[in-house]
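Peer 1: heads up, no residue letters with this:
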């Protein structure tokens, strides 16, 4: 599979711009993982950190689920990888964890997130509340936060990829 990234339109309306930047950053994370083996994708940055490319993808599956399904739509779904006993479970990988599963789960969460977001206007306030703060958010805030979340983690992904095989890029 070859990841094709497209820069968002420079003159689009607000929603198209937000959705375009979110897609761009989702594609960037997939691009950073492209062409690596499961072992490479499980490679942690540097001890004691457990940060890895596969862990980042699993984390973003949780983030997609959390913001779009749980907060925006108030869907009662549990976590994918973490537990109360292991709140960073998405980063705690074993030899049994595979890219095929992590990628498929992440893409499924993105698909549901896009379906849920399409039901709301940018100014619509979330049906659900943040699990820790109890706050509600409008869809515009969630899109902006998701772009920020991906952009931050794509910086991590760039460093991880460079450590693994020397590849760098924007």
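Peer 2: On my side now, so go ahead. Treat the numbers as computed from the prediction; the structure is a model and nothing was measured.

Peer 1: now the residue nearest the centre of the chain: which helix or strand?
Peer 2: Closest residue to the average C-alpha location of the chain: residue 60 at 2.6 Å, with C-alpha atoms, centre = their mean. For residue 60, the host element (DSSP states H and E) is helix 53-64.

Peer 1: could you check how far residue 115 is from residue 82?
Peer 2: Distance, residue 115 to residue 82, by C-beta to C-beta, to the nearest Å: 23 Å. The C-beta positions use only the backbone N, C-alpha and C, and glycine is treated the same way.

Peer 1: give me the more crowded residue out of these two.
Peer 2: Between residue 115 and residue 82, counting by other C-beta atoms under 10 Å, residue 82 is the more crowded of the two (17 against 12).

Peer 1: so who does the closest residue to the more buried one other than its chain neighbours touch?
Peer 2: In this structure, residue 82 finds its nearest non-sequential neighbour in residue 89, 3.8 Å apart by C-beta to C-beta, 6 or more residues apart in numbering. Shown in contact with residue 89 (C-beta atoms under 8 Å, 6 or more residues apart in numbering): 79, 81, 82, 83.

Peer 1: now the last one: closest residue in space that isn't a chain neighbour?
Peer 2: Read it as residue 83. Of all residues not flanking residue 83 in the chain, residue 89 sits nearest, at 5.7 Å (C-beta to C-beta, 6+ apart).

Peer 1: skipping its backbone neighbours, what lies nearest residue 163 in space?
Peer 2: residue 45 (6.6 Å).

Peer 1: residues near that neighbour, how many?
Peer 2: Residue 45 has 15 neighbours, counted by other C-beta under 10 Å.

Peer 1: that one contacts residue 162, doesn't it?
Peer 2: No: if you go by C-beta atoms under 8 Å, residue 45 and residue 162 don't touch, sitting 10.5 Å apart.

Peer 1: can you tell me which helix in this structure is longest?
Peer 2: Across the chain, the helix with the greatest residue count (assigned by DSSP state H) is helix 139-165.

Peer 1: list the buried residues in it.
Peer 2: Across helix 139-165, burial judged by 16 or more other C-beta atoms under 10 Å covers 139-140, 142-143, 146-147, 149-150, 153-154, 156-158, 160-161, 164.

Peer 1: roughly how far does the closest residue to the residue nearest to the centre of the chain other than its chain neighbours sit from residue 56?
Peer 2: For residue 60, ignoring the flanking residues on the chain, the nearest one in space by C-beta to C-beta, 6+ apart is residue 106 at 6.0 Å. Using C-beta to C-beta, we find residue 106 at a distance of 10 Å from residue 56.
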